[in-house]
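1. just a sequence and a predicted model for now, questions to come.
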Amino acid sequence: MTQTLNYREAAERLDISEPALSMQIRKLESVLGTKLFHRQGRAIALTTAGRQFTFHAIQILQAVDDANRSVTARTPRQTLRLGASGNHLFSPIIGRIADAYPQLTIQMSELTTTDIIDQVKNHTLDAGIAFLPVDDPAISSHYLFSDRLMAITAPDNNALQKATLANLSRVPLAVLADRFYVRRILDDAFQAQSLVPHYQLALGSYHSIATVVQHSHAVGLVSAAFLRSQDPHRWRILPLADTLTPLPMGFIYPRGTALDPVLQQTYQAVAAFHHD
């Protein structure tokens, strides 16, 4: 609730009803003997006591996490849970980690940057690769590289000779769905030039875009990092002629977490593969 300041959003995140959330807050306020929230017009805000309580609650929860980690750090890790906007960001190095730690179960999830940050914060993920900056006090991050978008077509599709935004706006495009950060960067770039693109296909991964492009007349927009993990001879590849907002990527994990040998080796391997 302190993050959203919205009963509906907070209840959805907690997977409980709004009345149940309201009741829990009232019970807590009753125990503390003070109000934690108050209304400012239609908005909800923390009271002074609410801000103080939130600060100390975060410190306590962090201390509990630190205590848990100090105990579990003595036990060899059994599971490594990673998240990224595409499996291509981790897949080139995962085999090396699996060979070094054969007892390890590795789980990879394709998620939006927002979901990666949320799941790293609540320890559903051990680490992830996300767009920087991540302005969250609960997250530590290390810069990896700056990604960029590339246009791809089927090898026999010569409709596009130069990948300017103006030219791209005249052809059917296969792009990421609008829930992804990269898509918003692309939307802003077209809008800045007063161009209206034809998004014929809005898909959930770069792999899907690349596969569809091979069997259609669409032009795909994928990242250079994705293409580094693929056989480039499968497509015609054209770098974008227009300068878009840089896409800095970073390795993120919960702040206060000491990287154990598995996470340390994972970070070093990813940094070595994806360096600028």
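-> Received it, and whenever you're ready, just let me know what you need.
2. ok, residue 252 - how many residues close by?
-> A count of neighbours around residue 252, defined by other CB atoms under 10 Å, yields 26. All C-beta atoms are positioned from the backbone trio N, CA, C, and that covers glycine.
3. how near is the nearest residue to it once chain neighbours are set aside to residue 7?
-> Taking CB to CB, 6 or more residues apart in numbering, and ignoring the residues beside it in sequence, residue 252 has residue 141 as its nearest neighbour in space, at 4.6 Å. Noted for residue 141: a distance of 31 Å to residue 7, by CB to CB, to the nearest Å.
4. re the thing from before, isn't the residue nearest to residue 252 right next to residue 135, touching?
-> No: in terms of CB atoms under 8 Å, residue 141 does not count as a neighbour of residue 135; the distance is 9.9 Å.
5. compare neighbour counts for the two and give me the winner.
-> Between residue 141 and residue 135, counted using other CB under 10 Å, the more crowded position is residue 141 (22 against 8).
6. re the thing from before, what sits against the residue nearest to residue 252?
-> With contacts defined as CB atoms under 8 Å, 6 or more residues apart in numbering, the neighbours of residue 141 are 130, 132, 133, 134, 250, 251, 252.
7. state the three-state secondary structure for residue 133.
-> Taking DSSP: H, G, I helix; E, B strand; the rest coil as the rule, one finds residue 133 in the coil state.
8. residues near it, how many?
-> A total of 11 residues lie near residue 133 under the criterion other CB under 10 Å.
9. OK, contacts around it?
-> Under the criterion of CB under 8 Å, 6+ apart, the contact partners of residue 133 comprise 141, 248.
10. ranges for the helices of the stretch 151-276 of the chain?
-> 165-168, 181-192, 206-214, 224-228, 261-273 (DSSP state H, counting those that start in this stretch).
11. I'd like those as TSV, with mean pLDDT and distance to residue 234 appended.
-> Listed next are those as TSV, based on pLDDT from 0 to 100; distance: least, CB to CB, whole Å:
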stretch	mean pLDDT	distance to residue 234
helix 165-168	97	20
helix 181-192	94	21
helix 206-214	96	6
helix 224-228	94	10
helix 261-273	95	20
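12. so which of those gets nearest residue 112?
-> helix 181-192 (6.9 Å; CB to CB).
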